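Participant: only geometry, no sequence info:
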Ligand SMILES: Cc1cc2nc3c(=O)[nH]c(=O)nc-3n(C[C@H](O)[C@H](O)[C@H](O)COP(=O)(O)OP(=O)(O)OC[C@H]3O[C@@H](n4cnc5c(N)ncnc54)[C@H](O)[C@@H]3O)c2cc1C
């Protein structure tokens, strides 16, 4: 778990001078060198992390540009209109605890709404009895403790190993589905127990009545934004970095960069770097492959499951495709199912035809709801969106220590931000937001703080 110590004497005088000139001295203001597209900080990627970073840079009185490849801000927090309603097909909630996202929304006067605490558990079409809830909670707690014990001292194994060592009980399959496919978009045998044990994501307790995606986009509304601006190349030009945007002749010069694109986009080499990314970072990106989570939204009038607005339902593992159901979103007939792993990959590849069948199977097998009651669905396709390439990343077995590499500054001037960067609440909207703010704070320290 600890980093190897630096070997004494490895920093020669020449390397010391190079290091100090590049990294330690404040970078001279680009305004003095007169470039037209020059900014203090270029932020690449207009999701939660990029928006949070740009807000902090703007708040410090420094110049910035937020470059987003797609047509709108928000990234994996995206609200679309369907069935005459606002439908979130990415993050549909977030955690208030420890989160500056909630504080930023409140400061901007944006509406927030509380989510019900906990989730409801169903078995064979009926809500579980109190004692069954207790049994499931105990099984989940035990699985977490066993995983922690398995990685004691920093060793790492597949997350399925500590669970497989136990005699299977009535809840082991449900616990495995919840911790693996439904949380990380991959089966436990492909996930690092260490990475999973270090995850400490508070429960989502807030949502936005107009859609979480709309809320995140609104938080970026006053920034200096360029949408439809995919960055293709980042060049280290010594005293600054040049950012090349497709279709734009002159590169933007920046004294610091916050790189807030999804990890799988970096891993796929969709952005080029000159010089290339450090091997250590390239290895870490490979060590954390993307998982698949996709959402399917539909109207289900008459409240056949008997849910309060925004309640979340988990069903005991059985014959139905595993999913988490959010019911009666905002008090309407809108319901959203989140599928993980193989069913999610099928949705990403085949779209609404596959999504409709999976939703009908889920409702029919679990609740006896006739297929024709769901006439139409809309679904996300994060896995096949070239600007996203998956739902979230999680470490492969044996690679659980790699996530900390993302905290390193790259080429003295590039700070990584995004859901994959935090060691604890990775994979969340609030974590992505905080990582953007943290990256911006480090960029400001490099360029000399507030103007
Ligand atoms: C189905 C699903 C459900 C989820 N539900 C929840 C939830 O309920 N609660 C929760 O807390 N979290 C949830 N999450 C996670 C949450 O949505 C993400 O963690 C968060 O939105 C990630 O923000 P980000 O800024 O790191 O990345 P993103 O939001 O992905 O932003 C990255 C941006 O970079 C842009 N980009 C890519 N390439 C380039 C380029 N070359 N140049 C410029 N821009 C580029 C992309 O277009 C994108 O806008 C969910 C995720 C999914 C997929």
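Facilitator: That came through, no problem. Since the model is a prediction, treat every value here as computed from it, not as a measurement. Numbers count the residues shown, from 1 in each chain.
Participant: tell me the buried residues in the longest helix seen in the chain?
Facilitator: Longest helix of the chain, by residue count under DSSP state H: helix 130-150. Residues of helix 130-150 classed as buried by neighbour count (16 or more other CB atoms under 10 Å): 132, 135-136, 139, 142-144, 146-147, 150. Where C-beta positions appear, they are placed from N, C-alpha and C, glycine not excepted.
Participant: could you do stretch 234-253 as well?
Facilitator: Neighbour-count burial for stretch 234-253, counted by 16+ other CB under 10 Å, picks out 234-236, 240-245, 248, 251-253.
Participant: hmm, back to that, I'd like the buried residues of helix 130-150 as CSV, with pLDDT and distance to residue 44 appended.
Facilitator: What follows is the buried residues of helix 130-150, written out as CSV (pLDDT from 0 to 100; distance: CB to CB, whole Å):
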residue, pLDDT, distance to residue 44
132, 95, 48
135, 94, 48
136, 94, 43
139, 92, 43
142, 92, 43
143, 92, 38
144, 92, 36
146, 93, 40
147, 93, 35
150, 93, 38
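Participant: ok, whatever helix or strand residue 434 lives in near the ligand or not?
Facilitator: Assigned by DSSP states H and E, residue 434 belongs to helix 429-447. Yes: Helix 429-447 lies within reach of the ligand by CB under 6 Å from any ligand atom, at 429-430, 432.
Participant: what secondary structure does residue 81 sit in?
Facilitator: Classification of residue 81 using DSSP: H, G, I helix; E, B strand; the rest coil returns strand.
Participant: touching, it and residue 87? I think so.
Facilitator: Yes: between residue 81 and residue 87 there is a contact at 7.1 Å, judged by CB atoms under 8 Å.
Participant: who's more crowded, those two?
Facilitator: Comparing residue 81 with residue 87 by other CB atoms under 10 Å, the one with more neighbours is residue 87, at 24 against 11.
Participant: quick check, pLDDT for that one.
Facilitator: We have a pLDDT of 98 for residue 87.
Participant: also residue 23?
Facilitator: 32.
Participant: returning to that earlier point: quick check: the two most widely separated of the buried residues of stretch 234-253?
Facilitator: Greatest spatial distance in the buried residues of stretch 234-253: 236 and 248, 19.0 Å, computed using CB to CB.
Participant: spell out which parts of the stretch 101-250 of the chain neighbour the ligand.
Facilitator: Close to the ligand, as judged by CB under 6 Å from any ligand atom, the stretch 101-250 of the chain has residues 204, 230-231.
Participant: and the contacts of stretch 204-216?
Facilitator: Residues from elsewhere that reach stretch 204-216 (CB atoms under 8 Å, 6 or more residues apart in numbering): 47-48, 51, 73-75, 77-80, 86-97, 102, 105, 110-115, 117, 310, 330, 428-429.
Participant: quick one: average confidence on the helix holding residue 434?
Facilitator: For helix 429-447, mean pLDDT rounds to 97.
Participant: make CSV from the residues of helix 429-447 next to the ligand and add neighbour count to it.
Facilitator: Putting these into CSV (neighbours: other CB atoms under 10 Å) gives the following:
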residue, neighbour count
429, 29
430, 26
432, 33
